[in-house]
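*Asks:* sequence-free structure coming up:
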């Protein structure tokens, strides 16, 4: 699985991951009731020795809605009836999530409206102005 960490340019975080299994729900008949194919992944971000303090801060900030109160990330997979396939799936999704969260946010460059846009806005204002002017009663001549 180390090829996944290299693929996403991340350190080997697998030794810090805790895996658990449980019975999966869904299709499978009696097989589902007897085998533990659902794989859960737990990752404690604050206690990670592989990530830098800056990386931990970024992850805690960006993944805040997905974390428990102690800063633990929990993911699971129960797509297939194979425990090993589910483990590969959850690991792949974990590395994708971490890589996406650590990617720097591109700064937005403010742009100004073009000449045609300005002219269209002013023309629209002129139309509204004339319409309101026509609503007024005529001025009495002296």
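*Replies:* Yep, that arrived. Note that this is a predicted model, so its numbers are computed, not measured.
*Asks:* What lies in contact with the helix or strand encompassing residue 59?
*Replies:* Assigning secondary structure by DSSP states H and E places residue 59 in helix 53-62. Residues outside helix 53-62 that contact it (CB atoms under 8 Å, 6 or more residues apart in numbering) are 45-46, 48, 51, 67, 71, 98, 101-102. C-beta here means a position set from N, CA and C on the backbone, and glycine is covered the same way.
*Asks:* tell me the angle the following helix or strand past it makes with helix 53-62.
*Replies:* The helix or strand immediately downstream of helix 53-62 is strand 72-77, counting by DSSP H and E. Strand 72-77 and helix 53-62 are oriented at 70 degrees to each other (axes from the mean of the first three to the mean of the last three CA atoms, to 10 degrees).
*Asks:* Could you pull up the residues touching the residue lying farthest from the centre of the chain?
*Replies:* What lies farthest from the middle of the chain is residue 142; by CA atoms, centre = their mean that is 71.3 Å. Residues near residue 142 by CB under 8 Å, 6+ apart: none.
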